[in-house]
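Participant: 3D model of this:
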Amino acid sequence: METADRLREGMARGVLSFPLTSFTTAGELDIEGYRAYLETQLAAAPGAVFPACGTGEFFSLDEDEYRQVVTTTVEVAAGRIPVVAGIGYGWAQAARFARIAEEAGADAALVMPHYLVAAPQDGLVAQLAQIAARTRLPLIAYQRGQVTFTADSLRRVAAIPGVIGLKDGHSDLDRLQRLTLAAPEGFLFFNGASTAEVQARAYATVGVPAYSSAVHAFAPEIAGAFFTALGKGDHARTDELLRGFYVPLVELRDRVPGYAVSLVKAAARLRGRRVGPVRAPLTDPGPGDLATLDALLATGLDLVGATR
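Facilitator: Down below sits the predicted model:
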């Protein structure tokens, strides 16, 4: 089965897992901690796993660490679900990461926003074309930050051999609807909004039901309960989870830049997962926010009948 078909099948079955990368208290890569943590992630049967992406602190990994993370993910996944590795920076460096991911056995790559500079549409398309020409891995473009595609550019992106989809992190549903209408049949779309469950119903109305779940990284029970309720059209249940857990989590997340990752990692530690601290420039939550997170986590688990 082609990678796009495997991803489509997985997206219909479960949320997309974006695992954290484990570090020691000294800030070194803890690959055995990552392996143990990843086992708990895959035990919850996500639709696919995306190592070394934003939640996995791709931006703080060197090439050797990246190789270890992707290789370990491929080993643990053992062909059960697709492995989509994060790549990024300029096209030359992204191609280096793509080569490492390919050698490690990844099934595809998520092309995260390029580094630093704003670019015109022609440049955004050329960036993907340069990467695609240098790897056999199928690519998923990620529009977020300084990367935003027009409908015309997306048509050109979708025509690049090897580009199979787009992940959206802007949450501009008017623009996204135009992109889904411009895309060829079979092109994949992903909801990549921060705490994507809060906007999952809105994304689904424009033809983008699949989403990545940061909550899955620390509470797959909550993420799975929401996914199931959403799939059944159980608005009472999704509203209960949104009011009681997801919206308060977003409000806490928005207090400090970088909390979209560091809160997730702190919550995983609260559940006894061996993930360690975040690396600079991110910072771990202070005692007050940690206490709020702990109480919120307890509420969320209680809502789905799970224990710490």
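Participant: where in the protein is pLDDT low?
Facilitator: 1 (pLDDT under 70).
Participant: List the buried residues for the longest helix along it?
Facilitator: The longest helix of the chain (DSSP state H) is helix 287-303. Neighbour counts over helix 287-303 (16 or more other C-beta atoms under 10 Å) mark 289, 290, 292, 293, 296, 297, 300, 301, 303 as buried. C-betas here are computed from N, CA, C, even on glycine.
Participant: Of those residues, just say which sits nearest to residue 43.
Facilitator: residue 301 (16.4 Å; C-beta to C-beta).
Participant: show me what contacts that closest one?
Facilitator: Going by C-beta atoms under 8 Å, 6 or more residues apart in numbering, residue 301 touches 219, 221, 222, 307, 308.
Participant: can you pull the contacts of residue 132?
Facilitator: 139, 160, 161, 162, 163.
Participant: Leaving out sequence neighbours, find the closest residue to it.
Facilitator: Closest residue in space to residue 132, ignoring its immediate chain neighbours: residue 162 at 4.3 Å, by C-beta to C-beta, 6 or more residues apart in numbering.
Participant: cool, and residue 98?
Facilitator: Closest to residue 98 by C-beta to C-beta, 6+ apart is residue 135, at 3.9 Å.
Participant: can you tell me which residues contact that neighbour?
Facilitator: 95, 98, 99, 102, 109, 162.
Participant: for residue 152, same thing?
Facilitator: Contacts of residue 152 by C-beta under 8 Å, 6+ apart are 121, 182.
Participant: check which helix or strand covers it.
Facilitator: In this structure, residue 152 sits in helix 151-158 according to DSSP states H and E.
Participant: same thing with residue 71?
Facilitator: With DSSP H and E as the criterion, residue 71 is inside helix 63-77.
Participant: what's that helix packed up against?
Facilitator: helix 31-43, helix 91-104 (3 or more C-beta pairs under 8 Å, 6 or more residues apart in numbering; DSSP states H and E).
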